[in-house]
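*Asks:* Make a model of this:
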Amino acid sequence: LQANEEGAPGFLPRAHLERSERVGHRVVCTRCHGLLHQNSADKEVRVGHSAREELSPRRFEQLLEACLLGHDARSPSGVVAPSSAGCGLIVYLVDLFDLEGSALHTLPELVGETPLILVGTKADTLPPGTSFPRIDKWLRTACRERLGALEPAEVHLISAATGRGVAALGAAVMRWAERVRDRGDVYVVGAANVGKSSLINALIDPSAGKRRRRPVGPKGGLAASADAPVDAHAADEAQGAEVVEEEAMGDGADDGTALDLAQARALAKASAPVLLTASHLPGTTLQPVRVRCRDGLVIYDTPGLVQAGQLATLLTPQEVSLLLPRAPVKPAQLSLGRGKCLLLGGLARVDVLESGFAQAVVLAAHVAPALTLHPTSLERADAVRAQHCGAMLTPPLGGAERLRALGDLETTDIEVEGVGFRRAAADIAIGGIGWLAVVGDGLIRLRVHAPKGVRVVPREPLNPNIDGTRGNARFTGTRVVAPREKRRGGGAGRGR
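*Replies:* Purely as a prediction, here's the structure:
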């Protein structure tokens, strides 16, 4: 923490900093306070937006290389990557909802012979009825295609928000860490916004993902405390405090004296696990954070890599929030004929150039509910996007000026061989947005428009069991309405 440079990470007004030193309370800097409570941060302290060297995407790559390979990643401010026993185990996180936007294609160069546990996060956002054994197999295949010969020792599907799979993953990490203890510590790695800090918080305190504030007491989690070997320019999550010693917890209890409410709250707060700052914005963690666990295990939370073309770096915090599902996503199925297209808010568009043997193709859009879907003709697509962006089409938030700031959309042509209308033939994944399952018969030609650098990739369907002959949504002219979805009183269902 520092009080000298307001636009730098770790800034806290001097009066607050001096008070925290006197009282001994753990505090957060203004940047992390905004991330925690307003889900926002000034551009000056946002990775990918700031001109500061320590907030550049390349700097994060150097830090990760230093962690995994032992290189010196010294910056002008003198920050050095953590010196430890080395890297003995890598816990590699990918976002199940946004695999294309979160896969690290340079990871094989950094792993070498180090054992790797592959973790699919945000499992709670997958559609209802998802087969997790199938997702396990699908994730192994998808990562093998992206990471070459790199073979994970184990695969886990988890949700830090609900706690699904976290206990099993914690047990696996402990088991593997014991095997490789002589080789080094455990490093949690992944792209920005994939959920590394949220996962470690869930390991520290299993109930941490269900609320935003600091817990009021220990919950028997994996870890005991967090700290980090960084200087004053590091993120404030690196300023973790030690958990209060057990002897201090017993004051006032041995003689049978009851604690008053203020004392009880103070002791509960002091004994609570210190959690890491977690946010949906990329680049929350700025330096490696050391978390010391039981039995001498050390886990490092590493800065997430901000990849070229990552959609979140092009958007405002409010727009990023609109793209994040917070519950299982219910796909919207739309039937589109040749010469039609589907607008995904004002961010992307999918054109149907050929619909195979049938007159139409079904696209099942797996996207966050706040992303509006709007089918229209190819002739009207540009005009509709320009006229209604920020109003009927969101995100982005804003009109023509916001579209100009995002720049022109790039096109990707994709061919899919349909296998009939009772099974998805392929997914079209759009990094940062979600994916569309393609259902049809014969050769289907699509053209996808997306912001420059955003990955658009055809892949094996995550869920092939999609019936395009029923359950299709209808378009009222202004919104997409799911079938048989009724409001109380018999009104129409909620639109998108």
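*Asks:* what's the longest helix in this structure?
*Replies:* helix 132-147 (DSSP state H).
*Asks:* From the contact counts, what lies against whichever helix or strand comes after that helix?
*Replies:* As assigned by DSSP states H and E, the chain's next helix or strand after helix 132-147 is strand 154-157. With contacts defined as 3 or more Cβ pairs under 8 Å, 6 or more residues apart in numbering; DSSP states H and E, the packing partners of strand 154-157 are strand 116-121, helix 132-147, helix 166-179. All C-beta atoms are positioned from the backbone trio N, CA, C, and that covers glycine.
*Asks:* and with 10 Å instead?
*Replies:* Judged by 3 or more Cβ pairs under 10 Å, 6 or more residues apart in numbering; DSSP states H and E, the packing partners of strand 154-157 are strand 87-95, strand 116-121, helix 132-147, helix 166-179.
*Asks:* For it, give me every contacting residue.
*Replies:* If you take Cβ atoms under 10 Å, 6 or more residues apart in numbering as the criterion, strand 154-157 is touched by 91, 93, 96, 115-123, 126, 130, 132-133, 135-137, 139-140, 143, 164-166, 168-170, 172-173, 175-176.
*Asks:* hmm, try it at 6 Å
*Replies:* The contact list for strand 154-157, computed with Cβ atoms under 6 Å, 6 or more residues apart in numbering, reads 117-120, 123, 132, 136, 140, 165, 169, 172.
*Asks:* buried residues in it?
*Replies:* Buried positions in strand 154-157, judged by neighbour count with 16 or more other Cβ atoms under 10 Å: 154-157.
*Asks:* just for this protein, where's the confidence low?
*Replies:* Within the chain, the set of residues satisfying pLDDT under 70 comprises 20-26, 36-57, 70-85, 149, 206-285, 294-295, 474-479, 484-496.
*Asks:* Now do the SS call for Arg423.
*Replies:* Assigned with DSSP: H, G, I helix; E, B strand; the rest coil, Arg423 falls in the coil class.
*Asks:* that older thread, now the longest helix of the chain and strand 87-95, what's the angle there?
*Replies:* If you take axes from the mean of the first three to the mean of the last three Cα atoms, to 10 degrees, helix 132-147 sits at 110 degrees to strand 87-95.
*Asks:* nearest to Glu460, of the helices and strands packed on strand 154-157?
*Replies:* Nearest to Glu460, of all these, is helix 132-147, at 6.7 Å by Cβ to Cβ.
*Asks:* Please write out the alpha-carbon positions of that closest one in CSV.
*Replies:* The C-alpha trace of helix 132-147 is given here as CSV (Å, rounded to 0.1, in the frame of the first residue of the first chain):
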residue,chain,number,x,y,z
PHE,A,132,-20.6,-33.7,-16.6
PRO,A,133,-18.9,-37.0,-17.6
ARG,A,134,-19.3,-36.0,-21.2
ILE,A,135,-18.0,-32.5,-20.4
ASP,A,136,-14.9,-34.1,-18.8
LYS,A,137,-14.2,-36.0,-22.0
TRP,A,138,-15.0,-33.0,-24.2
LEU,A,139,-12.6,-30.8,-22.2
ARG,A,140,-9.8,-33.3,-22.4
THR,A,141,-10.2,-33.5,-26.1
ALA,A,142,-10.5,-29.7,-26.6
CYS,A,143,-7.4,-28.9,-24.5
ARG,A,144,-5.4,-31.7,-26.3
GLU,A,145,-6.2,-30.0,-29.6
ARG,A,146,-5.1,-26.6,-28.2
LEU,A,147,-2.1,-27.7,-26.1
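*Asks:* Quick check: which element contains the residue lying closest to Gln318 once chain neighbours are set aside?
*Replies:* Using Cβ to Cβ, 6 or more residues apart in numbering and skipping residues adjacent in sequence, the residue nearest Gln318 is Leu397, 6.0 Å away. Following DSSP H and E, one finds Leu397 outside all helices and strands.
*Asks:* rewinding a little: mean neighbour count and distance to Pro325 for the helices and strands packed on strand 154-157 - can I get that in JSON lines?
*Replies:* Formatted as JSON lines, the helices and strands packed on strand 154-157 follow (neighbours: other Cβ atoms under 10 Å; distance: least, Cβ to Cβ, whole Å):
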{"stretch": "strand 87-95", "mean neighbour count": "24", "distance to Pro325": "11"}
{"stretch": "strand 116-121", "mean neighbour count": "24", "distance to Pro325": "13"}
{"stretch": "helix 132-147", "mean neighbour count": "16", "distance to Pro325": "16"}
{"stretch": "helix 166-179", "mean neighbour count": "17", "distance to Pro325": "19"}
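*Asks:* follow-up on the earlier one: hmm, Ala391 and the residue nearest to Gln318 touching each other?
*Replies:* No - using Cβ atoms under 6 Å, Leu397 is not in contact with Ala391; the gap is 9.5 Å.
*Asks:* So those two - more neighbours on which side?
*Replies:* Leu397 (16 against 12; other Cβ atoms under 10 Å).
*Asks:* For the more buried one, give me its contacts.
*Replies:* Counting by Cβ under 6 Å, 6+ apart, Leu397 has contacts 318-319, 390.
*Asks:* Closest one of those to Leu63?
*Replies:* Relative to Leu63, and with distances defined as Cβ to Cβ, the nearest of these is Glu319, at 27.2 Å.
*Asks:* that's a helix at the closest one, yeah?
*Replies:* Yes - secondary structure of Glu319 (three-state DSSP): part of a helix.
*Asks:* With adjacent residues omitted, what lies nearest to it?
*Replies:* According to Cβ to Cβ, 6+ apart, the nearest residue to Glu319 is Pro395 (4.1 Å).
*Asks:* Look at the one you found and say how many residues are nearby.
*Replies:* Pro395, neighbours per other Cβ under 10 Å, totals 27.
*Asks:* next one: the one 10 residues further on
*Replies:* The criterion is other Cβ under 10 Å. On that basis, Ala405 has 11 neighbouring residues.
*Asks:* excluding its backbone neighbours, what's nearest Cys341?
*Replies:* Asp351 (4.4 Å).
*Asks:* Spit out the contact partners of the one you found.
*Replies:* By Cβ under 6 Å, 6+ apart, the contact list for Asp351 reads 341, 378, 447.
*Asks:* in the sheet, who's paired with the first one?
*Replies:* In this entry, Cys341 is beta-bridged to Asp351, Thr376, by DSSP bridges.
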